[in-house]
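Engineer: make a model of this:
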Amino acid sequence: MNPEDLLADALHDRVERTDYPSTPLSTVAGRAGAIRARRRRTTALAAAAAVAVVVVPGAVWLGRSPDGSPQPGQSLSSGPSTDPTAPTVAGPLPLAALPLGQKPGIDYLVGDTYVTMDGRRTTDPALRRANAATPVRGGLLFAVPEKASPDIARLWLRSQGSDQNLGCGSKHFAMSTDGTRTAYWVMDSCTAGSAGKLYDGLDNTMAEGGAGSVPTSAGEVIDPVGIQPGSVVVNAWRGQRPTPELIDAYTGNATPLSALRLVTGSDENHRVVSGEIAGNPLESAVVDVRTGAVLWRTGWQLGQFSPDGKYVIGLQSGDGSPDSYAIFDAVTGERIRELPHWDLPGWIRQVAWEVDDTVLAVADGPDGEAIIRFDLRGSLSRATPIGPPTESVQIGGYRLATRP
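Structural biologist: Numbering: from 1, shown residues only. Down below sits the predicted model:
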């Protein structure tokens, strides 16, 4: 399970248990190009956000009115999101109350369409049930969870206008920060308990010219979470409990991440991972993958790291109320910015980093659903129009695609 879905699985046992494709991408502008474009847009996005705060009277700020807009660098209270002094509201903030800002800076799915950050679209009826997708050279790789076995998905490659069934495998993919490596797991057959192969392709080549694949044992379900130099971060399921591991992309040797019971995020820049502490599911930690040392811990559930590795997203669940989210300094554990549940426009069922200081989330509110955006400055806006509520989080609604 992944962070986006492992922060939408770990993130969502209460609302889920804590991550990923376009016009057939046979053109040169594949994922690597999109990632480079995204990097070039980072400064522009931040500047545009600052301008939007000035010119949009309806700009919403986390935990305060527009007149109380925080100054850059000003943090909200570091107290728990269950603060008894929290404002009492009749219901969640309507999505329509949020100003409409720029389009999402990462790829996403909506209905049966995959939309790239630059606006290109791929439409395929099979995408309506896809929960993850990622561009590879010459096509779009996507996963459709099996109804009978929700932890397993059918993997499809859409290329040159047609779909190729690759078999069964992981319902999540992992991607390197620069967008040039994609990891995914494929079973040898769709029979329960089948052995499989973990693929780690360079330049999004479906293993062509990359490290290829390494075998995995029968009875294992491998869920890629992230990429580290020369290895893939996974949760290896052998029964009811996962084992967080680093699997060498060339030899297949597995190194347990013994400090964790579940890994939910990975930062290759600083060689660290996040996840639930072994023996204590109520605490999460950031762990050094080279030494196994716990660098810091928190009562929040931690998910994915920002693209530059400076921040990590966290979630805190309330009793019967929507979850609260926060952004932590990945080195010190300091809580930089919090999005309390009373500021949320409904339930959040997926989060992902857009750029180094901005987070996107799928919000399911009383007036529909949309992708929303919040950042380190504390602003909150919509990144998409409001769509109708969907019957299932797996079918038809907004979903954030696989991204670094």
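
Engineer: which residues touch the helix or strand encompassing Glu283?
Structural biologist: Following DSSP states H and E, one finds Glu283 within strand 280-288. Here strand 280-288 makes contact (CB atoms under 8 Å, 6 or more residues apart in numbering) with 257, 259-262, 264, 271-277, 293-302, 312, 314, 330, 333. For glycine as for every other residue, the C-beta is placed from the backbone atoms N, C-alpha and C.

Engineer: one more time with 7 Å, if that's ok
Structural biologist: 257, 259-261, 271-277, 293-302, 312, 330 (CB atoms under 7 Å, 6 or more residues apart in numbering).

Engineer: and the first helix or strand past that strand going along the chain, what other elements does it pack with?
Structural biologist: Using DSSP H and E, the helix or strand that follows strand 280-288 in sequence is strand 294-298. Packing partners of strand 294-298 (3 or more CB pairs under 7 Å, 6 or more residues apart in numbering; DSSP states H and E): strand 280-288.

Engineer: how far does the strand it packs on sit from the chain's center?
Structural biologist: 18 Å (CA atoms, centre = their mean, to the nearest Å).

Engineer: buried residues in it?
Structural biologist: Buried positions in strand 280-288, judged by neighbour count with 16 or more other CB atoms under 10 Å: 283-287.

Engineer: partner strands of it, parallel or antiparallel?
Structural biologist: strand 272-277 (antiparallel), strand 294-298 (antiparallel) (DSSP bridges).

Engineer: out of these, which gets nearest to Pro94?
Structural biologist: strand 294-298 (31.4 Å; CB to CB).

Engineer: tell me which residues of the closest one are tucked away?
Structural biologist: 295-298.

Engineer: then stretch 143-152?
Structural biologist: 143-145, 152.

Engineer: tell me the one of those nearest Ala126?
Structural biologist: Closest to Ala126, out of all of those and judged by CB to CB, is Val144, at 6.2 Å.

Engineer: isn't there a strand covering that closest one?
Structural biologist: Yes. Note on Val144: a strand contains this position according to DSSP: H, G, I helix; E, B strand; the rest coil.

Engineer: tell me how far Lys103 lies from Asp118.
Structural biologist: 9 Å (CB to CB, to the nearest Å).

Engineer: okay, now the unreliable bits of the stretch 151-300 of the chain?
Structural biologist: 202-211 (pLDDT under 70).

Engineer: for it, which segments count as helices?
Structural biologist: With helices called from DSSP state H, counting those that start in this stretch, the stretch 151-300 of the chain shows none.

Engineer: re the thing from before, closest one of the buried residues of stretch 143-152 to Glu369?
Structural biologist: For the buried residues of stretch 143-152, the nearest to Glu369 is Pro145 (19.1 Å; CB to CB).

Engineer: closest to Glu245 out of the buried residues of strand 280-288?
Structural biologist: Nearest member of the buried residues of strand 280-288 to Glu245, counting by CB to CB, is Val287, at 12.6 Å.

Engineer: what is that closest one paired to in the beta sheet?
Structural biologist: Val273, Val294.

Engineer: pretty sure Thr216 contacts Pro224?
Structural biologist: No. Using CB atoms under 7 Å, Thr216 makes no contact with Pro224, being 11.3 Å away.

Engineer: what touches both of the two?
Structural biologist: Joint contacts of Thr216 and Pro224 (CB under 7 Å, 6+ apart) are Trp185.

Engineer: more neighbours: the two, which one.
Structural biologist: Pro224 (29 against 23; other CB atoms under 10 Å).

Engineer: for the more buried one, which residues make a bridge with it?
Structural biologist: Val234.

Engineer: so it touches Ser170, yeah?
Structural biologist: Yes. At 6.0 Å, Pro224 and Ser170 qualify as touching, with contact defined as CB under 7 Å.

Engineer: spit out the residues that contact these two alike.
Structural biologist: With CB under 7 Å, 6+ apart, Pro224 and Ser170 have common neighbours 184-185.
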